[in-house]
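# Give me the fold of what follows.
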Amino acid sequence: MSRNKSLDSSPLKGKKSPASKIKLSIFILEIVLIVLLLVLWFSSEEIKRSKNLWVLFFYSFPSEFLIAIVPHEPVLLYFGKFYQPLTVAIVAVISTVMTEALNYSAFKFVTDSSFFKKIQHRKFVTKIVDLFNKAPFIALLVAGFTPIPFYPFRFLVVLAHYPWVKYLLAVFLSRTPRFFIFALLGHMIKIPDYLLVVIFFILILVANIPLLRRFLKNRQKK
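Numbers count the residues shown, from 1 in each chain. Here you go, the predicted structure:
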């Protein structure tokens, strides 16, 4: 009888711990925050035409979160027309570093799942992680400054258990000069707004071409 009672009183198998529930809640809140900011930006013509630096600050969140949905370059060019390049770069990099902290937290949540724990032990993944670990800080500096797609490194630093402090430092050191250059170009050239809109949508299309190809291939197979 006592044995049966002990079995009955044991926690249910698969029941989530309070810590895992907190992590899940934080992850959902992060996603909701970015979606709300993105919807607000796209739905308000006044915000899109605003020259307020707060708009630049909050825009950096959806433009740098996980796999970037929208490009940051045209917005830096736009604000560069009205403010000193250094001011634009500082505002943008502060919000970018904050966004990358969210990225680290979000990817950490994803990689802690049982599915991704299995993937981490695959040869292909371990080779990439080992290659990254040979010079992680330099790799992050190069990826953050150049046009190389940065989102794989957001995932890679978590897989490699790279310290988040060093990661954010690398983001700050690489993104600041990159943002400054774009703001300086915008300050010097004064690109017309309509052309910036064209550049904006071209960059969105270019970034999503791989996803579009996969979608079309899957449809053909079906």
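# Next, residue 82: secondary structure please.
Assigned with DSSP: H, G, I helix; E, B strand; the rest coil, residue 82 falls in the coil class.
# any weak-confidence spans in this protein?
By pLDDT under 70, the low-scoring segments of the chain are 1-31, 33-34, 38, 41-42, 113-117, 204, 206-222.
# what ranges do the helices span in it?
Under the criterion DSSP state H, the chain carries helices at the ranges 2-9, 18-43, 45-48, 53-64, 73-80, 85-111, 114-119, 123-134, 136-145, 151-159, 164-189, 193-221.
# just those helices: most buried one?
Among the helices of the chain, ranked by average contacts under mean count of other C-beta atoms under 10 Å, first place goes to helix 73-80 (a mean of 24). (C-beta placed from N, C-alpha, C; glycine too.)
# contacting residues around residue 153?
Counting by C-beta atoms under 8 Å, 6 or more residues apart in numbering, residue 153 touches 132, 139, 140, 143, 144.
# ok, which pair from the residues you listed is furthest apart?
132 and 144 (13.9 Å; C-beta to C-beta).
# possible to save the contacts of residue 153 as a markdown table with distance to residue 50?
Listed next are these as a markdown table, based on distance: C-beta to C-beta, whole Å:
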| residue | distance to residue 50 |
| --- | --- |
| 132 | 39 |
| 139 | 36 |
| 140 | 32 |
| 143 | 31 |
| 144 | 27 |
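# Let me know the closest of those to residue 95.
Residue 95 has its nearest neighbour among those in residue 144, at 14.9 Å by C-beta to C-beta.
# And the residue nearest to residue 179 when sequence neighbours are not counted, how close does it get to residue 122?
Nearest non-adjacent residue to residue 179, counting by C-beta to C-beta, 6 or more residues apart in numbering: residue 89, 4.1 Å away. Between residue 89 and residue 122 the distance, using C-beta to C-beta, to the nearest Å, works out to 39 Å.
# Over to residue 73?
34 Å.
# got it, and residue 62?
Per C-beta to C-beta, residue 62 is found 31 Å from residue 122.
# One more: residue 110?
16 Å.
# With residue 43 instead?
Residue 43 is 42 Å from residue 122, where distance means C-beta to C-beta.
# ok, now which ones touch residue 73?
Residues counted as contacts of residue 73 (C-beta under 8 Å, 6+ apart) are 182, 199, 203.
# list the contacts for the first one?
Under the criterion of C-beta under 8 Å, 6+ apart, the neighbours of residue 182 are 73, 76, 77, 80.
# if we go to 6 Å?
By C-beta atoms under 6 Å, 6 or more residues apart in numbering, residue 182 lies in contact with 73, 76, 77.
# between these, which is closest to residue 169?
Each of the contacts of residue 182 was checked against residue 169 using C-beta to C-beta; the closest is residue 76, at 21.2 Å.
# roughly how far apart are the closest one and residue 195?
With distances taken as C-beta to C-beta, residue 76 is found 14 Å from residue 195.
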